[in-house]
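Peer 1: next one to model:
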Amino acid sequence: MQKILLLFYFVCNVFVTTAQNPVIVGDCTVTYNISGNDAGTNKNLAGATKNLYIKGKLSRVDLNSPGFKQSVIYDNKTGTAVILKEVGSEKYKSVFTAEQWNNENKRFEGIRITPTNEKKTILGYECEKVIVTLRDRSSYNMYCALAILPSATENPYQFNNMPGFVLEYETSSGSNTSKIVYTATMINFNPVPASKFEIPSTGYRLLK
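Peer 2: Residues are numbered from 1 along each chain as shown. Presented below is the predicted three-dimensional model:
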């Protein structure tokens, strides 16, 4: 009887420990659907998608829409970032030091994260809703999968101190009158090729 109780305790302890400690994801590709909360925004976003690539401490975000492409490659070790843009046949590149990237993301300083009891399942993961409030008092909803954490974040300012892997989140459109929602539709844990994070040295007009 004592052995059975000890075994039961061991199994329960492992389960609780696993539940409290999310698995760190060091290689993955996540595809997000992009939509708006009104007809006009949805029309402008028709055909737009987002792909997030994570490999170790590197992240890359590709935003694709008809006539426009943008890639943000971020190094979580150095804090440096590169933005690649394609508008029609024109290609542009912007390079940011850690200090410059910090200045680009000033509006996310001092964000407050408020957990809620709301949950939803996305891609089989139970996600907890958190409310993110900025200094200007604007707020956004995010849904985090508590069972997994990325080894690198796509933006340490916008996604600072999230309790899990963000599988759905909101942002504002340029006019701040409508919300844009990013929802994960696929997650792939196959290794991401290192070539995804190579910075092109030619073919782009340097903006910064």
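
Peer 1: so where do the helices sit in this protein?
Peer 2: For the chain, the helices defined by DSSP state H cover 2-20, 39-44, 98-104.

Peer 1: give me the buried positions along the last one.
Peer 2: Going by neighbour count (16 or more other Cβ atoms under 10 Å), the buried part of helix 98-104 is W101, E104. Yep, even glycine has a C-beta here, placed from its N, CA and C like the rest.

Peer 1: how far is it from where the chain is centred?
Peer 2: 18 Å (Cα atoms, centre = their mean, to the nearest Å).

Peer 1: what lies in contact with stretch 27-45?
Peer 2: Contact partners of stretch 27-45, identified using Cβ atoms under 8 Å, 6 or more residues apart in numbering, comprise 48-56, 63, 65, 150, 167, 173, 178-192.

Peer 1: in strands, which of these appear?
Peer 2: 49-55, 63, 65, 150, 167, 179-188 (DSSP state E).

Peer 1: tell me the buried residues within the residues you listed.
Peer 2: Buried residues within these, defined by neighbour count using 16+ other Cβ under 10 Å: 50-55, 63, 150, 167, 179-184, 187.

Peer 1: how far away is N102 from L207?
Peer 2: For N102, the distance to L207 equals 18 Å [Cβ to Cβ, to the nearest Å].

Peer 1: swap that for R107, please
Peer 2: With Cβ to Cβ as the criterion, R107 and L207 are 21 Å apart.

Peer 1: equivalent analysis for E86, please.
Peer 2: For E86, the distance to L207 - Cβ to Cβ - is 13 Å.
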